[in-house]
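> Dropping a prediction and its sequence here:
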Amino acid sequence: MDNDKYVNYYIDINKDNIPDKVVSSAPGMGDELSLYIKKDNKFNLVLKTINFSQDGGNKVSDIKETKEGFVIVTTFPDRGYYEENYQIIYDNNSFILKNVVYKTSSWQEDYTKTYVCNVIQNINISKNPYKFKIKGMPGEENRNQECSVEYYSGKTLQEFIDRFKERNSPQIVQGIERYKQLLQTFPITQQNIL
């Protein structure tokens with residue numbers, strides 16, 4: 001599987017402190033995902049399933065190790081911001097899709113505001129590697145109640161100030177939560193008081 005159609009990731013998926021191998025279809029080349037656990041200096045196939053990419057939709061942008069297992073990150077390659085993070089853990093010789101964290105923002109409205117929706121799944125993908133139903137992102141009418149909100153402040157305080165001087169969209173400067181997060185990102189100091 002060392003060709004242009006696949007991407008290899010070497011991460012510890014079963015938490016035995018030995019790097020294992022995750023092989024995913026390359027973006028736009030399918031939705032295959034194969035998991036190999038390394039034992040006795042050899043990679044053994046333990047699961048073939050999907051990588052959660054969609055034809056004409058989200059594509060795998062990264063697969064990375066987490067404290068409990070690994071996460072498959074898919075992103076929408078076109079306009080706007082839409083990301084799905086599939087959190088998979090290894091438990092009792094099974095791979096469990098624990099949750100999906102959906103992230104979205106709208107460039108038409110407030111492009112600095114991102115909804116982050118953690119949707120619990122608890123699906124044993126080892127039992128049915130291709131047939132399982134994933135709970136989707138809450139609808140727009142429920143996002144304020146079921147999701148948290150993050151605001152992009154910028155890499156520097158000056159970037160934040162400049163962006164809002166240039167924009168004449170009132171919604172991207174409103175809201176108490178935006179300024180609470182700004183103060184967490186850039187605490188008030190003698191150096192940044194204007």
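Nice, I can see it.
> Contacts only, for residue 158.
Residue 158 makes contact with no residue under the criterion Cβ atoms under 8 Å, 6 or more residues apart in numbering. From N, CA and C alone the C-beta is placed, and that goes for glycine too.
> Tell me the secondary structure of it, please.
helix (DSSP: H, G, I helix; E, B strand; the rest coil).
> give the contact list for the nearest residue to residue 34 once chain neighbours are set aside.
Here the nearest residue to residue 34 in space, its sequence neighbours aside, is residue 23; by Cβ to Cβ, 6 or more residues apart in numbering that works out to 4.5 Å. Shown in contact with residue 23 (Cβ under 8 Å, 6+ apart): 1, 6-9, 32-34, 36.
> now whatever helix or strand residue 88 lives in: mean pLDDT?
Assessed by DSSP states H and E, residue 88 sits inside strand 81-91. Averaged over strand 81-91, pLDDT sits at 94.
> Wait, residue 71 touches residue 85, no?
Yes - between residue 71 and residue 85 there is a contact under Cβ atoms under 8 Å: 5.2 Å.
> OK, contacts around the residue nearest to the spatial centre of the chain?
In the chain, the residue lying closest to the centroid (Cα atoms, centre = their mean) is residue 85, at 3.0 Å. The contact partners of residue 85, by Cβ under 8 Å, 6+ apart, come to 71-73, 100-103.
> and what of residue 62?
72-73.
> Give me the pLDDT value at it.
Looking at residue 62, its pLDDT reads 96.
> same check, this time on residue 113
Among the per-residue scores, residue 113 holds a pLDDT of 80.
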